[in-house]
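1. Turn this into a structure:
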Amino acid sequence: MFTGELFPYQYEAVDRILTDRRILVAYSMGTGKTVLTLAALEDLFGQGDIRCCVIMVPSSLKWQWAQAIAKFTDAPTRTVTLRGMELTVPVEDVCAVINGTPKQRRQQWEKAQHADYVIVSYGAVLHDWKELCALPADALVLDEATAIKNFSAQTTKRVKKLRPPVRIALTGTPVENRPEEVFSIMEWVNTKILGRWDLFEKSYINRNFFGGVQSYKNLGLLNQNLNRAMIRKSRLDPEVAKYLPDVTETTRPVQLDKTTRSIYKAILADLQAAMDELAEAGGDFDIAAYYAGVKTDGAYAAQGKLMARLQAARLLLDHPQLLMDSAVAYHEGTGGSRYAADFVASRYDLPDLHHSPKLTALDELVGTMLAEPATKAAIFTDYRKMLPYLSERLEKHGEMVLFHGQLNSDEKAGALARFKTDPECRLFISTNAGGYGLDLPEAQYLVNYDLPYSNGVLAQRNTRHVRASSKFDRVHVTNLVVEESIEERVQATLRLRQRLSQAVIDGTGTGALEMDIESLAEHIENAG
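-> Below is the predicted model of the structure:
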């Protein structure tokens, strides 16, 4: 039985789940999708409509969901200890968390046959497919359902084979970069809503001569069709906003020193050469598709050169040492970039590898934020190799946890629990692995050390601390952006993508799309 309390704006979603049974819940991040979903599921259990529900989540959220079930239902509980932190979760007869080594998972799957809730990661469709299919599941919840946004991904194909009577997709960002993403999600939720792909493409996409996406059309109609199987509430809606903290978002400009600026311009010159080569090869590179994880046809060698140079520019702006790390990794055969290796070898005037103007700006910013006792902050970066440089520079400000994709689910749960409960732990430093689904209401400040290319990733990051459970009336987001650099272009493009997402999901905004070769060329010309 559900024992929690719902906010008034959440009841409509519960009613839609109970009525429709197949629905996309697109409530904004922080508005309580987990709680309202549990309220609906407990009702379905109580009516005898379902016997078993699988909850499929990013690996970092397994134990967070288990804790929520323990908190908001009358399930008997137990205590588990992860990385020294104690968590309260339901007993295994009620809630099975599939986690750990293959041997451990086999034992857990046996117990899961009789559980009400079975919590798995998306990796289960690849590693434990037979066991997953053997469950007597009547309901499947996809949390952070953008995990199935890409048609060609093997995970997406497997998930779409799972079609129990009750199908609930949860995401605050069903359109992260392209309307095609919500088509893929809705193809699992209810195929009748958006129909066949060829008709969707003809109705909503304008393509250029080369077949690339030029713009989108009829997005008002797309929004109307989605609403037949989607319920949406934005954190900006008046009935929602009064329960959430206000958000102040600012951009802190960072100036490059003269030497680093000259190195940056040299990379831009190489980038221009790669663009010229791409044009000569007859390629029309869809940058937006590339960053959305969609494979594109064309001149692959020239495209690779272009992306390597873009990446090198971003590494330099974050920290010159990252560029060197990429070169070393290439030589050692552990990854990295051949372009970075060649570029580093050709320069005698590389800036001091220990000097990063952006890191200096962050150090000053964090010092100001944490000057008030008990204040906490979250810091996000695209690059895992940036984490040690961040932690080394910021350790003087207090204890911290590092969160990234190479931690297992137990380590992630332990790190999150420590940040939430230890008053001495004041910094949560994370890659994008911590940007999805985690609740960080203990933080008043959030800093984007760098901006992702994906609007969805940024939207997810920026709302980790914008929670109904926040104790603050106002929370803050700060973006560090290097002046007169590729980062300014990324920020402008993210704003366009936000408007595109709003057009599809909220019925407002525009179908413009300006993350292409032409706009990149214009940036390079202005920066030179």
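
2. List the buried residues of stretch 95-105.
-> For stretch 95-105, a neighbour-count test (16 or more other Cβ atoms under 10 Å) marks Cys95, Ala96, Val97, Ile98, Asn99, Arg105 as buried. Every C-beta, even on glycine, is put in place using the N, C-alpha and C of the backbone.

3. no wait, stretch 69-87
-> Across stretch 69-87, burial judged by 16+ other Cβ under 10 Å covers Ile69, Ala70, Lys71, Phe72, Thr73, Ala75, Thr77, Leu82, Arg83, Met85, Leu87.

4. From what I see, the fourth one and Leu36 are in contact.
-> Pointing back at Phe72 there. No - Phe72 lies out of contact with Leu36 (Cβ atoms under 8 Å); the separation is 9.9 Å.

5. Would you mind giving the secondary structure of the residue lying closest to Thr34 once chain neighbours are set aside?
-> The spatially closest residue to Thr34, leaving aside those adjacent along the chain, is Ala68, at 5.1 Å (Cβ to Cβ, 6 or more residues apart in numbering). With DSSP: H, G, I helix; E, B strand; the rest coil as the basis, Ala68 sits in helix.

6. burial of Ala68, as a residue count?
-> Per other Cβ atoms under 10 Å, the neighbour tally for Ala68 reads 20.

7. Quick check, it in contact with Leu38.
-> Yes - applying Cβ under 8 Å, one finds Ala68 in contact with Leu38, separated by 6.4 Å.

8. Convert the C-alpha atoms of stretch 463-475 to PDB, please.
-> The C-alpha coordinates for stretch 463-475 follow below in PDB (Å, rounded to 0.1, in the frame of the first residue of the first chain):
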ATOM      1  CA  THR A 463      17.900  20.000 -12.000                       C
ATOM      2  CA  ARG A 464      19.700  17.600  -9.700                       C
ATOM      3  CA  HIS A 465      19.200  20.000  -6.900                       C
ATOM      4  CA  VAL A 466      15.900  21.500  -8.000                       C
ATOM      5  CA  ARG A 467      13.800  19.100  -6.000                       C
ATOM      6  CA  ALA A 468      10.500  19.400  -4.100                       C
ATOM      7  CA  SER A 469      12.400  18.000  -1.200                       C
ATOM      8  CA  SER A 470      14.900  20.900  -1.200                       C
ATOM      9  CA  LYS A 471      15.300  22.800   2.000                       C
ATOM     10  CA  PHE A 472      16.300  26.000   0.100                       C
ATOM     11  CA  ASP A 473      14.000  28.700  -1.300                       C
ATOM     12  CA  ARG A 474      16.500  29.400  -4.100                       C
ATOM     13  CA  VAL A 475      19.200  27.300  -5.700                       C
END
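
9. Tell me who's in contact with Glu483.
-> Contacts for Glu483 (Cβ atoms under 8 Å, 6 or more residues apart in numbering) come out as Pro253, Val254, Gln255, Leu256.

10. Buried subset of those residues, written for PyMOL?
-> Here is the PyMOL command that selects the buried residues among the contacts of Glu483 (16+ other Cβ under 10 Å):
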select buried, resi 254+256
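
11. coming back round to it: okay, the residue nearest to Thr34 and Lys62: tell me how far apart.
-> Distance of Ala68 to Lys62, given as Cβ to Cβ, to the nearest Å: 11 Å.

12. Also Glu488?
-> 38 Å.

13. Quick check on those two: which one has the bigger neighbour count.
-> In terms of neighbours (other Cβ under 10 Å), Lys62 is the more surrounded of Glu488 and Lys62; the figures are 24 against 18.

14. State whether Val401 is indeed within a helix.
-> No - with three-state DSSP as the criterion, Val401 is assigned strand and is not in a helix.

15. Going forward, count from 41.
-> Taking 41 as the first residue, the last one we looked at is Val441.

16. Let me see the ranges of the helices in the stretch 441-568 of the chain.
-> Using DSSP state H, counting those that start in this stretch, the helices of the stretch 441-568 of the chain run over residues 449-461, 495-502, 526-545, 557-567.
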